[in-house]
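Undergrad: Compute the structure for the input listed below.
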Amino acid sequence: MRAAIGVAFAAPAAVAGYHAVHGIAAATMPSSTWQIVISLLGAAIISAASWTQWTRARL
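TA: Alright, predicted model coming up:
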């Protein structure tokens, strides 16, 4: 149950992180391939941060 709730918080955080980082990358980087790579890396980092915060929470 706890894992399902963690995924419910981490998945939208990953999507939001991707779009936030992609917006910055698109404004600063010329290559679209690198924009996507950096955006996916940002999504992974933000999703991991969300997952970590959720697993630390006491229920």
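Undergrad: In this structure Ala54 contacts Ala10, no?
TA: Heads up, residue 54 is Trp, not Ala. Yes. If you go by C-beta atoms under 8 Å, Trp54 and Ala10 touch, sitting 7.0 Å apart. Placement of C-beta: from N, CA and C, glycine included.
Undergrad: Count the residues that sit near Ala49.
TA: A count of neighbours around Ala49, defined by other C-beta atoms under 10 Å, yields 13.
Undergrad: Once you drop chain neighbours, what's closest to it?
TA: By the measure of C-beta to C-beta, 6 or more residues apart in numbering, the closest residue to Ala49 outside its immediate chain neighbours is Ala13, 7.6 Å from it.
Undergrad: residues contacting that neighbour?
TA: 46-47, 49-50 (C-beta atoms under 8 Å, 6 or more residues apart in numbering).
Undergrad: and with 6 Å instead?
TA: Remark: with contacts taken as C-beta atoms under 6 Å, 6 or more residues apart in numbering, Ala13 is in contact with 46-47, 50.
Undergrad: In the chain, where is pLDDT below threshold?
TA: Low-confidence segments of the chain, defined by pLDDT under 70: 58-59.
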